[in-house]
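Enquirer: Can you look at this prediction? I've put the sequence above it.
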Amino acid sequence: MQELASTHGWLSIVPPVVAIALAILTRQVYLPLSLFILLGWTIISGFDPLQGLLRSADAVVGVLRDADNTRVLMFSAMVGAIITFTQYSGGMDGFVRWVEQRGLTRTPRRLQLFTVAISGTLFLESIFGLLVSGSIARPLFDQAGISRERLSYLLDATCSPKCILIPLNAWGAYIVGLMAAQQVERPVELLLQTLPLNFYSIVTILLALTTIVVGRDLGPMRTAQRRVQQQGLLLRSGARPMVSSDVTALTAKAGAPPRAVNMVLPVLAMVATVPAVLLITGHGDFRSGSGSQAVFWGVMVGLTVAGVAYRLQRLMTLQELTDTFIKGVQGLVPLVLVLLLAYAIGSTTRALGTGVFVARAAQAGLPAWLIPAAIFLIACFISFSTGTSWGTFAIMLPIVIPMTRIVPGLHPALAVSAALSGGIFGDHCSPISDSTIVASMVSATDHMDHVRTQLPYALISAGLALVLFTLAALLL
């Protein structure tokens, strides 16, 4: 509760507002994120620009002092090597051919449902699920003539929402821990009660599926799809993908046979390693395991399996393996830089007390039937401004849970689910959210194009969720 005592008042919302506005206006990502950090630490330093600059640099360096952060950054870079390995070995071509032969990509609808199904099965770790499903789906979407903005939307819409709705992972363990810290007697039972009431997550997934079945796009997404259909351009003219063309444009080695196994094998090795490491680090309970260690060792095992398999088949020499590895890692440097800045923003918002200020400002005398909707809106603003769902949970649950004990008629599970839903909103669509950034990267699309085309869907989901929270409060 000590964290709740520290806030810089209305100044704490200036950095996120300026950064998000700048990102939307310029369609850039590095400058807004850097400016967020600089503004934040300058405010904390009493508007001393030199101190602000020095402390900003310390905040970025401080990210690497956290072993979990460092492992995620290394994992993200090395996923580029998995992609280049599977492409250069002919595995990607073989997998695309295998999928086509089975009719899974016969129509755009089938392909998109296939992608959502793959993403849905990878619920143990959010970023890992994005990277694996995106790596598999991107070449299929390119070949089918579906915009990369559309792919990034489907991946993002089935990332955090599915992880919180299937909480047999670190998400569930984290939320249960926060509840237990607030002396909730049966935190697991309370979490289970929130699942059917987590309206934003449910509506987001249902809306994504609806757009696939109906075959209709909205606003900027419709423009993006028309661009592909009419001009054959997978990206907008002038777009800056989050991943280098050295990765996406790499072709198979001359003479390499197109074998699906050379893509499936390293991916399966990664997928199998993640739950194993979660079990080991969680001492038998994968919900308590280390997500960063799991994904780090997952990609390490995947790369090792790929390297050994390619050598046994005499597909690649040791020098080719090394060169392909380096090319893949280099291609994902833009992602690593953005994630580094995003993590530094996390420490900046905590020091500013952004979420605390917003939550305190909204604590007003409201009737019980309006409180869940108000909690949802507050959590949406905090998560969109800070780009973190977990940080939003950490801020909101210590406020919401005590409210359920003192406000007559306030349904505990509904109030908690409103806070969780609001946290997912920002994680889903904020331009400074790590999952939004990774969805752009793995789809090889311009980050701000992803945000811009996805936002209308996120706002529709949020609007429907707001109505449902209000109605549920009246009925429960």
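Expert: Sure, I can see it. Numbers count the residues shown, from 1 in each chain.
Enquirer: Which neighbouring elements make contact with the lengthiest helix in the chain?
Expert: Under DSSP state H, the helix in the chain containing the largest number of residues is helix 447-475. Helix 447-475 sits against helix 14-26, helix 148-157, helix 199-214, helix 219-231, helix 371-386, helix 412-429, helix 434-442, with contacts defined as 3 or more Cβ pairs under 8 Å, 6 or more residues apart in numbering; DSSP states H and E. From N, CA and C alone the C-beta is placed, and that goes for glycine too.
Enquirer: Those: which one's closest to P456?
Expert: Distance to P456, taken as Cβ to Cβ, is lowest for helix 219-231 among those, at 4.8 Å.
Enquirer: which strands and helices sit next to that closest one?
Expert: Against helix 219-231 (3+ Cβ pairs under 8 Å, 6+ apart) you get helix 148-157, helix 447-475.
Enquirer: Can you report how many residues lie near V442?
Expert: Applying other Cβ atoms under 10 Å, we find 30 residues neighbouring V442.
Enquirer: Grab the nearest non-local neighbour of it.
Expert: G134 (3.0 Å; Cβ to Cβ, 6 or more residues apart in numbering).
Enquirer: That neighbour and V308, how far apart?
Expert: G134 sits 25 Å away from V308 when distances are taken as Cβ to Cβ, to the nearest Å.
Enquirer: ok, those two, which is more surrounded?
Expert: G134 (29 against 13).
Enquirer: Assumed that one was part of a helix.
Expert: Yes. Looking at G134 with DSSP: H, G, I helix; E, B strand; the rest coil, it is inside a helix.
Enquirer: Can you give me the neighbour number for the closest residue to R236 other than its chain neighbours?
Expert: Distances taken as Cβ to Cβ, 6+ apart place D449 nearest to R236, at 5.9 Å, with adjacent residues excluded. Neighbour count of D449, defined by other Cβ under 10 Å: 25.
Enquirer: how close does D449 get to E149?
Expert: 6 Å.
Enquirer: do you know which of the helices and strands packed on helix 447-475 lies nearest F296?
Expert: Nearest of those (Cβ to Cβ): helix 434-442, 15.0 Å.
Enquirer: and the angle from the closest one to helix 412-429?
Expert: 30 degrees (axes from the mean of the first three to the mean of the last three Cα atoms, to 10 degrees).
Enquirer: and helix 434-442, what does it pack onto?
Expert: Using 3+ Cβ pairs under 8 Å, 6+ apart: helix 434-442 touches helix 126-144, helix 148-157, helix 333-352, helix 412-429, helix 447-475.
Enquirer: How about residues contacting the second one?
Expert: Applying Cβ atoms under 8 Å, 6 or more residues apart in numbering, the external contacts of helix 148-157 come out as 112, 115-116, 119, 130, 133-134, 137-138, 141-142, 204-205, 207-208, 212, 217, 220-221, 224-225, 234-235, 241, 428-429, 435-436, 439-440, 442-445, 449-450, 453-454, 457.
Enquirer: The closest residue in space to T251 that isn't next to it in sequence and V63, how far apart?
Expert: Excluding its sequence neighbours, the residue lying closest to T251 (Cβ to Cβ, 6+ apart) is Q87, at 7.0 Å. Distance, Q87 to V63, using Cβ to Cβ: 30 Å.
Enquirer: which of the two has more neighbours?
Expert: Each of Q87 and V63 has its neighbours counted (other Cβ under 10 Å); Q87 has more, 25 against 20.
Enquirer: thinking A137 is in contact with I118, fair?
Expert: Yes. Look at A137 against I118 with Cβ atoms under 8 Å: they come within range, at 7.1 Å.
Enquirer: just checking, Q454 touches C429?
Expert: Yes. Under the criterion of Cβ under 8 Å, Q454 makes contact with C429 at 5.7 Å.
Enquirer: Now do the shared contacts for the two.
Expert: Shared contacts of Q454 and C429, counting by Cβ under 8 Å, 6+ apart, come down to 156, 436.
Enquirer: Between the two, which is the more surrounded one?
Expert: C429 (28 against 24).
Enquirer: which residues sit in contact with the more buried one?
Expert: By Cβ under 8 Å, 6+ apart, the neighbours of C429 are 156, 384, 436, 451, 454-455, 458.
Enquirer: Distance of the closest residue in space to it that isn't next to it in sequence relative to D66?
Expert: Using Cβ to Cβ, 6+ apart and skipping the chain neighbours, the partner closest in space to C429 is A458 (3.9 Å). Here the criterion is Cβ to Cβ. By it, A458 lies 29 Å from D66.
Enquirer: same thing with A394?
Expert: Taking Cβ to Cβ, one finds A394 at 16 Å from D66.
Enquirer: More neighbours: these two, which one.
Expert: A394 (19 against 13).
Enquirer: so the more buried one makes contact with Q182?
Expert: No. A394 is beyond contact range of Q182, at 11.2 Å (criterion: Cβ under 8 Å).
Enquirer: Measure how buried the residue nearest to L468 when sequence neighbours are not counted is and give me the count.
Expert: Using Cβ to Cβ, 6+ apart and skipping the chain neighbours, the partner closest in space to L468 is F199 (4.3 Å). Neighbourhood size, F199 [other Cβ under 10 Å]: 24.
Enquirer: Output the below-cut-off pLDDT ranges for the stretch 251-400 of the chain.
Expert: 286-288, 291, 335, 339, 354-356, 358-365, 398 (pLDDT under 70).
Enquirer: Pull out the buried residues from stretch 8-23.
Expert: Using 16 or more other Cβ atoms under 10 Å as the test for burial, stretch 8-23 gives 8, 11-16, 19-20, 22-23.
Enquirer: what about V308, distance to A77?
Expert: 21 Å.
Enquirer: Could you work out the end-to-end span of stretch 433-449 for me?
Expert: 15 Å (Cα to Cα, to the nearest Å).
Enquirer: oh, I was asking about stretch 154-166
Expert: End residues of stretch 154-166 are separated by 18 Å (Cα to Cα).
Enquirer: what about it, distance to the chain center?
Expert: Relative to the mean C-alpha coordinate of its chain, stretch 154-166 is positioned 9 Å out (Cα atoms, centre = their mean, to the nearest Å).
Enquirer: buried sites along that stretch?
Expert: 154-165.
Enquirer: how about those, which pair is most distant?
Expert: L154 and I164 (17.6 Å).
Enquirer: any low-confidence regions in the stretch 101-250 of the chain?
Expert: 124-125, 128, 168-170, 173, 177, 181, 242-250.
Enquirer: rewinding a little: per-residue pLDDT of the residue nearest to C429, please?
Expert: The per-residue pLDDT reported for A458 equals 95.
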